[in-house]
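Chemist: For reference, the sequence and a predicted model appear below.
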Amino acid sequence: MQSLKRFLQTCFLLVLTFHAFAQPTSKDWMVSVEGSYYKSKSSQSDSGSQLKSEEKDWHLAFNAERFITDRFSVGLGLARYHEKAEENTEQTVVTVTGYDLLGTFMDAEGTYWLPRVFCKYYLPVFGRFYLAPRFTGSYGKAKVQASIINASVQNMSSTELVLVDGNSSTFTALGMDATGKLLSMELSPELAYFFSKRWGLSACLGGLRYDKISGDLDESEWTFSFKRQYWKLGVNFRF
């Protein structure tokens, strides 16, 4: 009985020691790599018109942070974002002589390099799980390329499959290249799990964000969302 009691006490002490080693402490350094990838497609049809859209976003960041206390840390990082969106609209208008076919294709692609600073406060949840509210401020270069193509074919017979002389068709194209500076501020909840003394995992699940672009474009936007497209997953190494 005494042997069993000593064995359980030893196991309990080992578990406590392992948890202590896995927890961050003041003056620790931690480097991390985080990223995200999101892709979506949609298609809608309504009264002779059809809308198809596709969106692809990815982001990769490298961060380094220092624990000022056992709970609070500050850090620096560099992030690269890439966004691409396509939208294709087709509309058929029935006329007396046949029908008109109208189409619009829009394509936009953006690339952003964002140095950033951030701070976190680690709140213990259970064992080696932490909830870490994170505030991030970023400022860097933004480049956007976009194009819009409009095409129309009028007085097309319902039996025609190719263009003939009786058709009236138009085609216009517009392109744009814009550069500027992007200011971004974000408040987000982060979940962190330290499974060993050195290594851990993290997941940032969206939150509140403000973006402002200045330069060739002048736009600002508030976003509050916890949708999957705003999630970021990371791997941490502490030393």
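Modeler: That came in fine, so what should we check first?
Chemist: and the strand or helix carrying residue 236, what's its mean pLDDT?
Modeler: Using DSSP states H and E, residue 236 sits within strand 231-238. Rounded to a whole number, the mean pLDDT of strand 231-238 is 96.
Chemist: got it, and stretch 182-191?
Modeler: 96.
Chemist: As a check, name the ranges of all helices in this structure.
Modeler: 2-22 (DSSP state H).
Chemist: Do I have it right that residue 52 meets residue 40?
Modeler: No - in this structure, residue 52 is not within contact of residue 40 by C-beta atoms under 8 Å, at 11.8 Å. All C-beta atoms are positioned from the backbone trio N, CA, C, and that covers glycine.
Chemist: which other residues reach stretch 28-44?
Modeler: The contact list for stretch 28-44 (C-beta atoms under 8 Å, 6 or more residues apart in numbering) reads 24, 50-67, 73, 75, 200, 202, 204, 228-239.
Chemist: List only buried entries from those residues.
Modeler: 24, 55, 57, 59, 61, 63, 65, 67, 73, 75, 200, 202, 204, 230, 232, 234, 236, 238 (16 or more other C-beta atoms under 10 Å).
Chemist: measure residue 148 to residue 90 for me?
Modeler: Distance, residue 148 to residue 90, by C-beta to C-beta, to the nearest Å: 15 Å.
Chemist: And residue 105, by the same measure?
Modeler: Distance, residue 105 to residue 90, using C-beta to C-beta: 9 Å.
Chemist: Take the contacts of stretch 28-44 and keep only those in strands.
Modeler: In this view, these that belong to strands under DSSP state E are 50-67, 73, 75, 200, 202, 204, 231-238.
Chemist: From residue 191, how far off is residue 130?
Modeler: Separation of residue 130 from residue 191 (C-beta to C-beta): 7 Å.
Chemist: who's more crowded, the two?
Modeler: More neighbours surround residue 130 than the other of residue 130 and residue 191, with 22 against 14 (other C-beta atoms under 10 Å).
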